[in-house]
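Undergrad: prediction below, plus the sequence it came from.
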Amino acid sequence: MVTQLPKMTLSDFFRAMWRILASRPQIPSSLEGNELLKIIHNRRSVRRFTQREIPDDVFAAILEAGRLAPSTVNLQTWSFAIFNAETWRVNFNRTIPFKAQRALIVMGDTHRNRAVLDAFPQSPLVEYTVAVLNASLAAMSMNIAAEALGVSSVMLSETGRSGLLDAGYLKQKLNLPDDVFPIMTIVFGYSNKAYSPMPPKLPLNQICFAGKYEETDPKVLEDWMTQMTAGYKASFPLSSLDAQLSVYKSKIVNSEKDLNRMVFHKQIHNP
């Protein structure tokens, strides 16, 4: 968790925003016409939606992309709780975050498999990691499928008590058995504005290495955090990245306790 974000002058802010606005996906010229690459590279998290409903067949195709996602040994360690605007309000007494039209809660699920196969009897951490890995692959498959169908989305871990940081709350609300744990909520709708610029991304030469691990250049990290701070402020003028990180930090302790109970069946006590 970042404890101190870079201090910015007005000049720093505008310089960082210029770099964000000028940034583009790096697509080899020989592949510029590839439609799937365009969809993947141009995907954005959207938080403003119209009230246009998503047709049932479109949403079914999105769910099918999740069902057909790859998974370790084809274990399919996931479950999806699906909602429309009405059923979300009935369950949670509020609108879907950002007034989206559809939502699904993606969960790691090792409970189902245990009825027929106990694949990890002595390895709970491996079992949990496999479930998170598989469910995340399914989530991304649905995210990309939605984008291909003209439906925008955003994956949430906290907003509206909808993800990992509110696992205990969701366990109670959804009556989840042991070994089923929420990872994220994806909300879907049709965007009501042009897509935003590409968020600040670290360059390939800082996240790839050959042979042995290489530390990231501190100057590159500092520049990235400056852009992150500026971009968040531009998107949410009444808040800040530091304030959002504080929200996460305040919820992490309870989330850690809830997940230990749900995944490892351990009780964690506050010091």
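TA: Structure's in. What do you need? Numbering: from 1, shown residues only.

Undergrad: can you pull the phi/psi pair for Ser153?
TA: The phi/psi pair for Ser153 (degrees, to the nearest 10) reads phi -160, psi 170.

Undergrad: who is it paired with across the strands?
TA: Following DSSP bridges, Ser153 is listed with bridge partners Ser45, Phe188.

Undergrad: quick one, phi/psi of Val151?
TA: Dihedral angles of Val151 (phi, psi; degrees, to the nearest 10) stand at phi -100, psi 130.

Undergrad: same question for the one 5 residues further on.
TA: Recorded main-chain torsions at Leu156 are phi -120, psi 140, according to degrees, to the nearest 10.

Undergrad: likewise Gly211?
TA: Per-residue torsions, Gly211: phi 90, psi -80 (degrees, to the nearest 10).

Undergrad: how many neighbours does it have?
TA: Using other CB atoms under 10 Å, Gly211 has 5 neighbouring residues. Any C-beta I mention is one placed from the backbone N, CA and C, and that applies to glycine too.

Undergrad: got it, and the one 5 residues further on?
TA: The number of residues packed near Thr216 is 14, by other CB under 10 Å.

Undergrad: dump the residue contacts of it.
TA: Neighbouring residues of Thr216 by CB atoms under 8 Å, 6 or more residues apart in numbering: 202, 206-207.

Undergrad: go again with 6 Å.
TA: Contact analysis of Thr216 by CB atoms under 6 Å, 6 or more residues apart in numbering lists Gln206.

Undergrad: show the low-confidence segments of the stretch 51-200 of the chain, by residue range.
TA: Under the criterion pLDDT under 70, no range of the stretch 51-200 of the chain is flagged.

Undergrad: can you do 90?
TA: Counting by pLDDT under 90, the stretch 51-200 of the chain shows low-confidence ranges at 112-124, 158-164, 178, 192-199.

Undergrad: would you map the helices across it?
TA: In order along the chain, the stretch 51-200 of the chain carries the following helices (DSSP state H, counting those that start in this stretch): 56-67, 85-92, 124-148, 167-174.

Undergrad: and those helices, which is most packed in?
TA: Highest mean neighbour count of these: helix 124-148, a mean of 19 (counted as mean count of other CB atoms under 10 Å).

Undergrad: does anything pack onto it? Which helices or strands?
TA: Judged by 3 or more CB pairs under 6 Å, 6 or more residues apart in numbering; DSSP states H and E, the packing partners of helix 124-148 are helix 56-67, strand 78-84, strand 102-109.

Undergrad: what's in contact with that helix?
TA: Contacts with helix 124-148, where a contact means CB under 6 Å, 6+ apart, come from 39, 43, 62, 65-66, 69-72, 77-78, 106, 108, 110, 120, 153, 183, 188, 263-264.

Undergrad: quick check on these: which are buried?
TA: For the contacts of helix 124-148, a burial check counting by 16 or more other CB atoms under 10 Å picks out 43, 62, 65-66, 69, 71, 77-78, 106, 108, 110, 120, 153, 183, 188, 263.

Undergrad: which SSE is Gly33 in?
TA: Taking DSSP states H and E as the criterion, Gly33 maps to no regular element, lying outside all helices and strands.
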